[in-house]
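Colleague: mind folding the following:
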Amino acid sequence: MANATRVLVIDDDNTVCELVSALARTMGLNCGTTKDPATFLDRVTPETSLILLDLMMPGMDGIEVLRLLGERRCKARILLMSGVDKRVLETAEKLAHSLGLAVVGHLQKPFSLPELKGVLESVAAMEAPELVKVIPAFAVSDEEIRNAVKNGEFLNYYQPQIDLKTGDVMGVEALARWRHPERGMTLPESFLARLEALDLMDELCWSTAELALAEAKQFARRNGDLLRVSINVSMGSLHDLEFPDALVSLARKYDFPVEMIAVEITESGLMKKISHVLDVLTRLRMKNFQLSIDDFGSGYAMLRQLQNVPATELKIDKSIVEKMHLNDSDRVMVEKIIEMGHELKMSVVAEGVMTHEQFQMLRAKGCDGAQGYLFSYPLPSESMKKWLGTYELR
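Modeller: I've put the predicted structure just below:
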């Protein structure tokens with residue numbers, strides 16, 4: 001966090017207000033405090049980046065305050081504080097998320113100065129700026145999307161995946177980005193839904209896969225060993241019985257070993273024609289491709305199909321990982337997913353790792369790999385090549 005960061009505390013306990021304010025100042029943070037919910041709401045501005053909110057207050061309690069912040073579409077990160085039962089705190093977190101609020105965790109009273117400092121430092125790590133500037137999501141027309149596919153305006157960014165046992169880079173995931181001719185580099189939120197609606201997702205996935213295999217050899221380790229490349233496939237490909245042979249042909253075209261290619265699938269791809277999907281996935285494994293189940297823990301359909309899918313890897317969804325060091329329910333979920341993945345003879349990779357605390361917990365729990373902003377933001381190929389040349393686990 002920089003000096004301009006504005007922290008706002010609402011708590012009816014003077015001691016807590018003074019403690020947070022004093023610690024914030026030592027960290028170079030601009031901090032304000034108040035006891036009155038009405039005054040607090042007036043003081044929340046677009047410049048407020050972190051709110052510490054006590055749930056148990058006279059007059060208007062913290063749940064009511066969360067509801068009002070949700071109605072105002074507050075963008076500040078929120079840290080909940082209270083002496084209530086921990087499960088109540090965790091439920092309040094889930095409520096805040098359902099209201100569209102960015103809750104970063106909770107502190108159960110009485111808390112210590114080191115606990116408070118640790119949470120503030122975690123939030124500071126989350127606020128690291130992106131290494132590559134992108135513009136926010138925007139509405140696009142069908143014509144723009146069709147032209148983008150036709151004119152080859154999509155390119156790949158890559159995010160590294162780290163072996164938690166050794167600290168080495170074990171692979172990269174290829175992620176599509178759109179280089180809009182007028183608006184610049186754009187994130188998937190601006191185009192994936194439109195591509196899906198226009199039945200163009202398959203074209204994007206094939207384009208991403210081909211470019212990834214064309215660029216992959218430049219990501220080799222210093223000793224010449226290739227890194228694994230993870231590619232995302234469309235629902236259409238998972239239901240196309242010719243897909244395994246077509247992907248083998250693509251790998252041969254770029255002389256890239258199939259065993260170093262991980263095909264990432266999500267539960268949405270398993271919703272229809274399960275016989276076709278299992279046919280395709282089984283043949284991919286028989287041809288030595290790796291199979292990775294992406295975003296595991298974000299829904300329920302994949303859990304029901306897990307025993308049927310011949311996957312080699314399970315990726316824990318970032319929505320669970322990002323809170324695992326702050327609440328028990330997410331920590332237990334992560335532990336059980338790791339345990340289940342290993343019981344099913346799969347490696348387990350955690351997505352969305354942002355802090356050293358998360359990294360150390362995952363390593364201690366036996367998780368095999370991780371990716372997230374702690375290591376690197378997704379980068380274009382040249383930038384990823386340079387990053388790989390200078391990477392050292394911090």
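Colleague: pretty sure Glu90 is touching Ser329, no?
Modeller: Yes: taking contacts as C-beta atoms under 8 Å, Glu90 lies within contact range of Ser329: 5.4 Å. Just so you know, the C-beta spots here come from the backbone N, C-alpha and C atoms, and that holds for glycine as well.
Colleague: between those two, which one's more packed in?
Modeller: Just comparing Glu90 and Ser329: by other C-beta atoms under 10 Å the higher neighbour count belongs to Glu90, 19 against 16.
Colleague: for the nearest residue to Ile10 once chain neighbours are set aside, give me its contacts.
Modeller: Counting by C-beta to C-beta, 6 or more residues apart in numbering, the nearest residue to Ile10 once its immediate chain neighbours are dropped is Phe40, at 4.3 Å. Listed by C-beta atoms under 8 Å, 6 or more residues apart in numbering, the contact partners of Phe40 are 8, 10, 34, 65.
Colleague: contacts for the one helix or strand the first one maps to?
Modeller: Read that as Leu8. Assigned by DSSP states H and E, Leu8 falls within strand 6-10. Strand 6-10 has contacts (C-beta under 8 Å, 6+ apart) with 16-17, 20-21, 24, 29-35, 37, 40, 43-45, 47-54, 57, 65, 76.
Colleague: hang on, the earlier thing: now the contacts of Phe40 as CSV including pLDDT?
Modeller: As requested, the contacts of Phe40 are arranged in CSV below (pLDDT from 0 to 100):
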residue, pLDDT
Leu8, 86
Ile10, 87
Thr34, 87
Val65, 87
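Colleague: in JSON lines: those, plus distance to Val103.
Modeller: JSON lines is the format used below for the contacts of Phe40 (distance: C-beta to C-beta, whole Å):
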{"residue": "Leu8", "distance to Val103": "15"}
{"residue": "Ile10", "distance to Val103": "15"}
{"residue": "Thr34", "distance to Val103": "20"}
{"residue": "Val65", "distance to Val103": "12"}
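Colleague: at which residues are the helices of the stretch 251-394 of the chain located?
Modeller: Applying DSSP state H, counting those that start in this stretch to the stretch 251-394 of the chain gives helices spanning 274-286, 301-305, 318-321, 328-343, 356-364, 381-390.
Colleague: most neighbours per residue, which of those?
Modeller: Neighbour counts (mean count of other C-beta atoms under 10 Å) averaged over each of the helices of the stretch 251-394 of the chain peak at helix 318-321, with a mean of 21.
Colleague: can I get it in PDB? Just the C-alpha atoms.
Modeller: Extracted C-alpha coordinates of helix 318-321, given in PDB (Å, rounded to 0.1, in the frame of the first residue of the first chain):
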ATOM      1  CA  LYS A 318      -9.100 -19.200  -6.500                       C
ATOM      2  CA  SER A 319     -12.300 -18.200  -4.600                       C
ATOM      3  CA  ILE A 320     -11.400 -20.800  -2.000                       C
ATOM      4  CA  VAL A 321      -7.600 -20.300  -2.000                       C
END
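Colleague: can you list contacts of it?
Modeller: Counting by C-beta under 8 Å, 6+ apart, residues outside helix 318-321 touching it are 297-298, 330, 333-334, 337, 350-353, 358, 362, 372.
Colleague: same check, this time on stretch 161-169
Modeller: Taking contacts as C-beta under 8 Å, 6+ apart, the residues outside stretch 161-169 that touch it are 160, 170-173, 221, 227-228, 230, 349, 359, 362-363, 367-371, 375, 388, 391, 393.
Colleague: mind running it again at 6 Å?
Modeller: Outside stretch 161-169, the residues that touch it by C-beta atoms under 6 Å, 6 or more residues apart in numbering are 160, 170-171, 363, 367, 369-371, 375, 393.
Colleague: need the buried ones from the contacts of strand 6-10 selected in PyMOL.
Modeller: Only the buried members of the contacts of strand 6-10 enter the following PyMOL selection, criterion being 16 or more other C-beta atoms under 10 Å:
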select buried, resi 16+17+20+24+29+30+31+33+34+35+37+40+43+44+48+49+50+51+52+53+54+57+65+76
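Colleague: excluding covalently adjacent residues, which one is nearest to Pro380?
Modeller: Using C-beta to C-beta, 6+ apart, the closest residue to Pro380 is Tyr157 (5.7 Å).
Colleague: can you check Asp368 too?
Modeller: The shortest distance from Asp368 to any non-neighbouring residue, by C-beta to C-beta, 6+ apart, is to Ser347 (4.2 Å).
Colleague: isn't that neighbour up against Ala370?
Modeller: No: with contacts counted by C-beta atoms under 6 Å, Ser347 stays clear of Ala370, the gap being 11.5 Å.
Colleague: what about the residue nearest to Pro380, which SS state?
Modeller: The local conformation at Tyr157, judged by DSSP: H, G, I helix; E, B strand; the rest coil, is strand.
Colleague: how many neighbours does Asn232 have?
Modeller: 23.
Colleague: who's in contact with it?
Modeller: Residues counted as contacts of Asn232 (C-beta under 6 Å, 6+ apart) are Glu264.
Colleague: tell me the pLDDT of it.
Modeller: pLDDT, Asn232: 94.
Colleague: measure it to Glu259 for me?
Modeller: For Asn232, the distance to Glu259 equals 18 Å [C-beta to C-beta, to the nearest Å].
Colleague: and the biggest strand by length in the chain, what's buried?
Modeller: Across the chain, the strand with the greatest residue count (assigned by DSSP state E) is strand 169-180. Neighbour-count burial for strand 169-180, counted by 16+ other C-beta under 10 Å, picks out 169-178, 180.
Colleague: again with stretch 182-198
Modeller: Neighbour counts over stretch 182-198 (16+ other C-beta under 10 Å) mark 186-187, 190-191, 194-196 as buried.
Colleague: pick the one among those residues closest to Ala251.
Modeller: Here the nearest of the buried residues of stretch 182-198 to Ala251, counting by C-beta to C-beta, is Leu195; it sits at 24.0 Å.
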